[in-house]
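Chemist: The sequence and its predicted three-dimensional model are supplied below.
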Amino acid sequence: MFDITLNGDRIQKVKASWGQGYRPLWRVLENLEPHEAVIWSDRFSPMESIACEWALAMAFERPNGIEVPLRAQYLRSIYAEIQRIGWAFHTLSRVFKSVGHEVHYQCVMRLREHVFELQESLSGSRILPQIFCIGGVRREMSIGEAKKIKSFLLLLEYEIRLHLKRVSQDQMLLQRLRGLLPLTAEQCRQMKMGTVFSQASGHFEDLRHDEGYGVYDQMEVFYFKPKENPDWFDVKTQGDALARFRSLFFQIKQSMSLIERWVEKLPGGEIQASVNQCERLSQSVQVEGGSGLIVAKVTEKKIRLESHSMRLRPYIEHLLNQTLIDDMDLILAHLGFEEEEADLCGD
Amino acid sequence: MGLKQRLSQKLQHLMDQVENQINTPYVLVHGCCSMEVENATSSTYDWRRLGFASPAKNIEDADVLIVGGWIHESFSEQMKSVYSQMRGKKSVIAIGACALSGAPYAKSGEKVIPVTDVLPVDVFVPGCPPRPEAILEAIQSVKKLQKPQKDHKAMLYEALRIRGN
């Protein structure tokens, strides 16, 4: 719930009363065995569930010295990038909704639905794939499924081209986003904001690129130039909402490019390492989710997962100060922040 | 009364009848289920074709409450207040395992409660999260519940009475 003091139509002061800080999921995770905890962790953040599973799986694998087979690494990366596309569409839908642009909103929702359908055909679940396990993945990818991914990418390519044509000509939308909530690179670093934000602010920080987990070692992919609409994808570095909006499209194209390469090069072999014993040893692991870092902290007694929106809480009041009241929803949508977190679960 | 006036009256009456049949939901859903509820409202599934309007922004405009996601005990008073502010014949749809039974958080030791402890639920939609088709089916069930039921016994007595006369 937000307690807002206005000066005209500008927010003079805002005070957010957050829901409870302790998540019931953490208590659930504490009482589970490691391999069960990985499956349950995806409920922490539904649009970044694979990043949650990956972070927790790595937090168990690293200290126990479990080595994940190469095929499983490829599959993990493919699933993560598919969900990353889903997250980008989800954020775009929030942006269009807060602007009140029903046509663009419905178009993006249809694209998000395509991602859900693909996730269901690959993992059996539309939103919570539960595909990871300690030492690999739980489900093999057949040749038919690889073909499905390829045809999905072709469809997406076409749909995005159409969508971009509509969006890039919508001057009213672009004007609304221009100059809204500029964030500097330093602010992004302080708030540990992820790829979309840091890229839009001119400081490209990407944990996938820096840490090199999974099969994100193909460095050149991160600097690719889309052939069509190169101007649109040439993300400027003003750090405002328009730059972040462009950056979202860039991220979608980047993920598509990554998936395409990996499906082509998918190696054979095992999808799970043999895990004899897995103990809870203290470890903290960071994985790049769609919105930002997903942090998994494991100790002997506790398991904690942290997301972008949780870390952003102390800064929200500061960020909303001196903005127009009409822009508040748009700013929250742009930050990938779920407003419900402030509304519900009060304690 | 001229033909034009009678026609316009008839049309107005028909319009009122249609408007009375449209339900306006208030969505109180968070977590994974909110994605599927949003999908059910979007053009792919489109619950508007079943006589459900877009989710209301004000509670006073709504006559159907859709509840989903885990519910903390401290939130129960707010939920009751939301329910009391709704208009007309009220219905409640509970969506997802968390709202139905508190699962998977029920045994966590936290004060997570099922929605039936707070509100009278008309339709339950199980699933974690349920598919949009299941939500559409729940909407149809609400429609059936709200439709005035024919009293077959009274109709039979009435027919017998007329025949007896």
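Modeler: Everything's here; your move.
Chemist: for stretch A:25-35, which positions count as buried?
Modeler: Going by neighbour count (16 or more other CB atoms under 10 Å in any protein chain shown), the buried part of stretch A:25-35 is A:Leu25, A:Arg27, A:Val28, A:Leu29, A:Glu30, A:Pro34, A:His35. All C-beta atoms are positioned from the backbone trio N, CA, C, and that covers glycine.
Chemist: Might you report the residue contacts of A:Asp327?
Modeler: When contacts are counted by CB atoms under 8 Å, 6 or more residues apart in numbering or on different chains, A:Asp327 touches A:Leu180, A:Leu181.
Chemist: do B:Val112 as well
Modeler: By CB under 8 Å, 6+ apart, the contact list for B:Val112 reads A:Pro24, B:Trp70, B:Ile71, B:His72, B:Glu73, B:Cys98, B:Gly102, B:Tyr105, B:Ala106.
Chemist: ditto for B:Val67
Modeler: Neighbouring residues of B:Val67 by CB under 8 Å, 6+ apart: B:Leu28, B:Val29, B:Met79, B:Val92, B:Ile93, B:Ala94, B:Ile95, B:Ala99, B:Val115, B:Leu119, B:Val121.
Chemist: Give the phi and psi angles for it, as a check.
Modeler: Per-residue torsions, B:Val67: phi -120, psi 130 (degrees, to the nearest 10).
Chemist: Would you mind measuring from it to chain A?
Modeler: 11 Å (CB to the nearest CB, to the nearest Å).
Chemist: Spatially nearest residue to B:Val37 (excluding sequence neighbours)?
Modeler: Nearest in space to B:Val37, with sequence neighbours left out and distances taken as CB to CB, 6 or more residues apart in numbering or on different chains, is B:Val29 at 5.0 Å.
Chemist: correction: A:Asp3
Modeler: A:Asp3's closest residue in space is A:Lys15 (CB to CB, 6+ apart), at 4.3 Å.
Chemist: Can you list phi and psi of the one you found for me?
Modeler: phi -130, psi 120.
Chemist: With the one 10 residues further on instead?
Modeler: For A:Leu25, the backbone dihedrals (degrees, to the nearest 10) come out as phi -60, psi -30.
Chemist: returning to what we had before: quick one: which two of the buried residues of stretch A:25-35 are the most distant?
Modeler: Of all pairs drawn from the buried residues of stretch A:25-35, the greatest distance, 18.4 Å, lies between A:Arg27 and A:His35 (CB to CB).
Chemist: List buried members of the contacts of B:Val112 by neighbour count.
Modeler: In the contacts of B:Val112, the ones that pass as buried (16+ other CB under 10 Å) are A:Pro24, B:Trp70, B:Ile71, B:His72, B:Cys98, B:Gly102, B:Tyr105, B:Ala106.
Chemist: Can you add distance to A:His209 and give these back as JSON lines?
Modeler: Output for the buried ones among the contacts of B:Val112, formatted as JSON lines (distance: CB to CB, whole Å):
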{"residue": "A:Pro24", "distance to A:His209": "35"}
{"residue": "B:Trp70", "distance to A:His209": "36"}
{"residue": "B:Ile71", "distance to A:His209": "41"}
{"residue": "B:His72", "distance to A:His209": "39"}
{"residue": "B:Cys98", "distance to A:His209": "36"}
{"residue": "B:Gly102", "distance to A:His209": "41"}
{"residue": "B:Tyr105", "distance to A:His209": "36"}
{"residue": "B:Ala106", "distance to A:His209": "41"}
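Chemist: Make CSV out of these and add pLDDT, secondary structure and distance to A:Val115.
Modeler: Output for the buried ones among the contacts of B:Val112, formatted as CSV (pLDDT from 0 to 100; DSSP: H, G, I helix; E, B strand; the rest coil; distance: CB to CB, whole Å):
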residue, pLDDT, secondary structure, distance to A:Val115
A:Pro24, 80, helix, 28
B:Trp70, 86, coil, 25
B:Ile71, 86, strand, 29
B:His72, 84, strand, 31
B:Cys98, 89, helix, 23
B:Gly102, 83, coil, 30
B:Tyr105, 81, coil, 27
B:Ala106, 78, coil, 31
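Chemist: ok, of those, which one's closest to A:Ile11?
Modeler: Within these, the smallest distance to A:Ile11 is 28.3 Å, found for B:His72 (CB to CB).
Chemist: from what I can see that closest one touches B:Pro114, true?
Modeler: No - counting by CB atoms under 8 Å, B:His72 sits too far from B:Pro114 to count as a contact (12.0 Å).
Chemist: isn't A:Ala16 right next to A:Ser309, touching?
Modeler: No - contact criterion CB under 8 Å: A:Ala16 and A:Ser309 do not qualify, at 11.9 Å.
Chemist: Give the residue from these two that has the larger number of neighbours.
Modeler: The neighbour count for A:Ala16 versus A:Ser309, taken as other CB atoms under 10 Å in any protein chain shown, is higher for A:Ser309 (18 against 15).
Chemist: ok, the more buried one to A:Met193 distance?
Modeler: Using CB to CB, to the nearest Å, we find A:Ser309 at a distance of 11 Å from A:Met193.
Chemist: ditto for A:Ile303
Modeler: Distance, A:Ile303 to A:Met193, using CB to CB: 24 Å.
Chemist: and the gap between the closest residue to B:Ile59 other than its chain neighbours and B:Gln78?
Modeler: Distances taken as CB to CB, 6+ apart put B:Gln85 closest to B:Ile59, at 4.4 Å, once the chain neighbours are dropped. Going from B:Gln85 to B:Gln78 by CB to CB gives 11 Å.
Chemist: one step back: for the contacts of B:Val67, give me TSV that also has pLDDT and neighbour count.
Modeler: Formatted as TSV, the contacts of B:Val67 follow (pLDDT from 0 to 100; neighbours: other CB atoms under 10 Å in any protein chain shown):
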residue	pLDDT	neighbour count
B:Leu28	90	29
B:Val29	89	26
B:Met79	90	18
B:Val92	95	23
B:Ile93	95	25
B:Ala94	95	26
B:Ile95	95	30
B:Ala99	91	31
B:Val115	92	28
B:Leu119	93	20
B:Val121	94	17
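Chemist: Quick one: name the residues of chain B near chain A.
Modeler: Selection of chain B residues close to chain A by CB under 8 Å from any CB of the partner chain yields B:30-32, B:34-36, B:38-39, B:42-44, B:69-70, B:72, B:74-75, B:78, B:104-105, B:107-110, B:112, B:128-129, B:131.
Chemist: same thing but at 7 Å, please
Modeler: Residues of chain B found near chain A (CB under 7 Å from any CB of the partner chain) are B:30-32, B:35, B:39, B:42-44, B:70, B:72, B:74-75, B:104-105, B:108-110, B:112, B:129.
Chemist: And the residues you listed, which of them are buried?
Modeler: Neighbour-count burial (16+ other CB under 10 Å) is assigned, among the residues of chain B next to chain A, to B:30-32, B:35, B:39, B:42, B:44, B:70, B:72, B:75, B:104-105, B:108, B:110, B:112, B:129.
Chemist: Okay, now the unreliable bits of chain B?
Modeler: Scanning chain B for pLDDT under 70 picks out B:19-20, B:165.
Chemist: which helix of it spans the most residues?
Modeler: Assignment by DSSP state H gives helix B:3-21 as the longest helix of chain B.
Chemist: Identify the residues contacting that one?
Modeler: B:Gly51 (CB atoms under 7 Å, 6 or more residues apart in numbering or on different chains).
Chemist: Neighbouring strands - and their directions - for whatever helix or strand comes next after that helix?
Modeler: Under the assignment DSSP states H and E, the closest C-terminal helix or strand after helix B:3-21 is strand B:25-29. Applying DSSP bridges to the sheet, strand B:25-29 is found paired with strand B:64-68 (parallel).
Chemist: now could you export just the CA positions of the partner strand as CSV?
Modeler: Listed next in CSV are the C-alpha coordinates belonging to strand B:64-68 (Å, rounded to 0.1, in the frame of the first residue of the first chain):
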residue,chain,number,x,y,z
VAL,B,64,-17.9,-11.6,-8.4
LEU,B,65,-14.8,-11.9,-6.4
ILE,B,66,-11.9,-14.0,-7.7
VAL,B,67,-9.4,-15.0,-5.0
GLY,B,68,-6.0,-16.7,-5.7
